[in-house]
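K.L.:
Return a 3D structure for these sequence lines:
(chains A, B, C and D)
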There are 2 protein chains.
Amino acid sequence: MNSPLHAYTETGTPSFSPLYQQIKALILQSLQAGEWKPGEPIPSEMELAARFRVSQGTVRKAIDELAAENLVVRRQGKGTFVATHAEHNVQYRFLKLVPDSGDFAAKGPAERTIVDCRRQRATADVARALALRTGDPVLQVRRVLAYASVPTILEDLWLPGIPFKGLTAERLRASRGPMYAMFEMEFGTRMVRAEEKIRAVLPDEAQAALLHVTQATPLLSVERVALTYNDVPMELRRGLYRTDTHHYRNELG
Amino acid sequence: MNSPLHAYTETGTPSFSPLYQQIKALILQSLQAGEWKPGEPIPSEMELAARFRVSQGTVRKAIDELAAENLVVRRQGKGTFVATHAEHNVQYRFLKLVPDSGDFAAKGPAERTIVDCRRQRATADVARALALRTGDPVLQVRRVLAYASVPTILEDLWLPGIPFKGLTAERLRASRGPMYAMFEMEFGTRMVRAEEKIRAVLPDEAQAALLHVTQATPLLSVERVALTYNDVPMELRRGLYRTDTHHYRNELG
DNA sequence: AAGTGGTCTAGACCACAAC
DNA sequence: TTGTGGTCTAGACCACTTG
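P.N.:
You can find the predicted model right below:
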C-alpha cells in the first residue's frame, strides 16, 4: 500500500486517487458504520497509521479534511472525536437566524412547542427531496420556536418513516437539547450538512395565526434539506422566520 | 528563523504563533501591498521558502490556508495565482440568487441598468458599516439587474469616496464583467469576503416601480458588507431580490 | 512520564504544463 | 527537459492533557 491504489472509471480510463483520499474514505466508512459514536474519540493517528500501513502524515492529511468538513473534531493532547450536535459550543449549527441586537441576550434556548406530529404518506415533492417514492411513509412535525415569548419560527419538517420509526410528539417534547442531537442519540442519524433555499413570502391564515402576525407580514421562507454521510437526504424542513427583530446571517467566503 | 518567533500579548503572557502562520502573514502583507496583482502568479514555493529561510513544507501550509480563504488559487504545473473576481468560473461569487430551474438557462449575465450614481455624505448607518465618520464623502449607486427582461434585483450600494475617487455612472456602464472585477482593475480594491443580513420586507413605492411589482409583494432584503484584506469594509450593499422565480441558495457545512 | 495532536524539516517521487 | 504544485515518508521536537 505504499503506492496509491488504482481506480478505473466506467470508460476504462485509469484514474488515481491519492493515498490520503483512500484513507479518508476508509475512515468515513467507519464513521458511517457507527464504529465510533458521536462524541467518542477515534483511534489516534499512530494507531490508524499502523492499521492502514501508511505514515502518520498521510493519516493526518485525511483527518485534516474530515475536520474541515466538521465530521470530526481535533483536540490537542486528547485525541480526535466524532463530531456531534450535542456540544454546547456548536449547538444549532444550522440555524442562521440571530437577533438584530448582536448574537447574545436571546441566546438562551428558544421555547419550543410541538404543534403537530403525525405519520403521513409522502407527497411528490416531499418524496423527491427525501429520495423516497410518492406514498412512502414519512413523519411530519410542525413546531413553533419562541424567543422571549414571541413566536418567531414556524417549522414543518418531514422525516423518512423507516429510520425514524418510533418518533412521537411525546419523545420530541421530552428531549432537551437540539433536535439533531436527539436524532444522533436515539436514531443513530447524524446530520452532516444541509442546503437551504430562501424566499420572501406571505403566510397563509394558519401560519399567520401561529406566528401572531397578520397575513400581510412578509416572512422568510427557508427550505432546508439536511443530509447524512454520503449526501443521503434525511430531513426536509420548511421554516417561516419572522425577521422584524431577527435576521438570517450569512458569511460569504 | 528556524524556531517560531515569539509574540507577547499586552499582559506579558508569552504567546507563540507557528512559523507557517508568520509566513502566511508575510505573504498576506505582500498581497495587500499589491506586490502581486490579481491574476498574476506569486513566487513559487521554493522561491518563497528561500526568501523566508524556511522549508518548502512550511510555505506550503501557509499557502494552503490562503487558498482555503480564496485569496489565492493553486494550479498544478503552473503556479499559484492571486485570486480575482474576473475569472469566468467563479464570477459573481457573492451572488447567491439562482433561478428555481437549476443554475442554468439564465446563467448568461444579467441586463444591468444604472439608475443613479451620486456623491453623497455618509449617513450615520452607512458610516458605521464602512468604518467612516458621519458626513464623510461616499459614492452611492443604484442599479437594477434583469434576467430575461424581468427586473429581479434592485441594489443600492455605498462606496467610500476616497479609494473610489473618479468612479462615475459612465464608467460603471462602460465596464463589462462583474463590478468587483472592475474594482480590482481600476481601483486596486479586491473584495475578499462579505457578510450578509437577510430579511423579508415589502418595498416602498419607488422600489416596487423599479422591480415591476406591487407594494404587497414580499421581497428578500439582503444587506451586504464586503471586506478587503484585513477585514477592512469597502462596500455596503442593500439588495432587494424578487423570489418568485429565483431563490437564495445557501450551503450549510 | 506517557500519550495525543501540532509543527517543522529534508528528501524522494509523481502529475501536470510549458517550452 | 525543466519547473510547478501534489503526495508520501521518516524523524525530530513542541504543546497540551492526563495520570
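K.L.:
Same question for the longest helix seen in chain A: list its buried residues.
P.N.:
Counting by DSSP state H, the longest helix found in chain A is helix A:19-33. Neighbour-count burial for helix A:19-33, counted by 16 or more other CB atoms under 10 Å in any protein chain shown, picks out A:19, A:20, A:21, A:22, A:23, A:24, A:27, A:28, A:31. All C-beta spots, glycine's among them, are computed from the backbone N, C-alpha and C.
K.L.:
Ok, stretch A:167-175 next?
P.N.:
residue A:167.
K.L.:
Tell me which other helices or strands the helix or strand harbouring residue A:171 touches.
P.N.:
Using DSSP states H and E, residue A:171 falls within helix A:169-174. Packing partners of helix A:169-174 (3 or more CB pairs under 8 Å, 6 or more residues apart in numbering or on different chains; DSSP states H and E): strand A:111-121, strand A:137-147, helix A:179-187.
K.L.:
Chain B is nearest to which of the ones you listed?
P.N.:
Checking those against chain B by CB to the nearest CB gives helix A:179-187 as the closest, at 11.5 Å.
K.L.:
list the contacts for residue A:233?
P.N.:
Counting by CB atoms under 8 Å, 6 or more residues apart in numbering or on different chains, residue A:233 touches A:129, A:130, A:131, A:225, A:226, A:227.
K.L.:
could those be laid out in CSV, adding neighbour count and secondary structure?
P.N.:
Converted to CSV, the contacts of residue A:233 look like this (neighbours: other CB atoms under 10 Å in any protein chain shown; DSSP: H, G, I helix; E, B strand; the rest coil):
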residue, neighbour count, secondary structure
A:129, 19, helix
A:130, 21, coil
A:131, 14, coil
A:225, 18, strand
A:226, 23, strand
A:227, 17, strand
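K.L.:
Using JSON lines, lay out those together with distance to DNA strand C and pLDDT.
P.N.:
Output for the contacts of residue A:233, formatted as JSON lines (distance: CB to the nearest atom of the strand, whole Å; pLDDT from 0 to 100):
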{"residue": "A:129", "distance to DNA strand C": "36", "pLDDT": "98"}
{"residue": "A:130", "distance to DNA strand C": "35", "pLDDT": "98"}
{"residue": "A:131", "distance to DNA strand C": "32", "pLDDT": "97"}
{"residue": "A:225", "distance to DNA strand C": "31", "pLDDT": "98"}
{"residue": "A:226", "distance to DNA strand C": "27", "pLDDT": "98"}
{"residue": "A:227", "distance to DNA strand C": "26", "pLDDT": "97"}
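K.L.:
Closest one to chain B out of those, please.
P.N.:
Distances from chain B to the contacts of residue A:233, taken by CB to the nearest CB, are shortest for residue A:226, at 8.4 Å.
K.L.:
on that earlier part again, and DNA strand D, is the longest helix of chain A touching that?
P.N.:
Yes: for helix A:19-33, a contact with DNA strand D is found by CB under 7 Å from any atom of the strand, at A:19, A:20, A:21.
K.L.:
so which of the residues you listed comes closest to DNA strand C?
P.N.:
residue A:19 (10.8 Å; CB to the nearest atom of the strand).
K.L.:
any idea how far the closest one lies from chain B?
P.N.:
Remark: distance between residue A:19 and chain B (CB to the nearest CB, to the nearest Å) = 17 Å.
K.L.:
give me every residue that touches residue A:214.
P.N.:
Applying CB under 8 Å, 6+ apart, the residues contacting residue A:214 are residue A:208.
K.L.:
now it: how far from residue B:243?
P.N.:
For residue A:214, the distance to residue B:243 equals 20 Å [CB to CB, to the nearest Å].
K.L.:
swap in residue A:50?
P.N.:
For residue A:50 relative to residue B:243 (CB to CB), the value is 54 Å.
K.L.:
what about those two, which has more around it?
P.N.:
More crowded of residue A:50 and residue B:243, by other CB atoms under 10 Å in any protein chain shown: residue B:243, with 22 against 13.
K.L.:
Name the SS class of that one, please.
P.N.:
Put simply, residue B:243 is coil when judged by DSSP: H, G, I helix; E, B strand; the rest coil.
K.L.:
Pretty sure it sits against residue A:218.
P.N.:
No: assessed by CB atoms under 8 Å, residue B:243 is found out of contact with residue A:218, at 10.5 Å.
K.L.:
what number of residues lie near residue A:149?
P.N.:
7.
K.L.:
Next: residue A:98.
P.N.:
Neighbours around residue A:98, by other CB under 10 Å: 16.
K.L.:
host element of it?
P.N.:
strand A:97-99.
K.L.:
Neighbouring strands - and their directions - for that strand?
P.N.:
Strand pairing for strand A:97-99, determined by DSSP bridges: strand A:246-252 (antiparallel).
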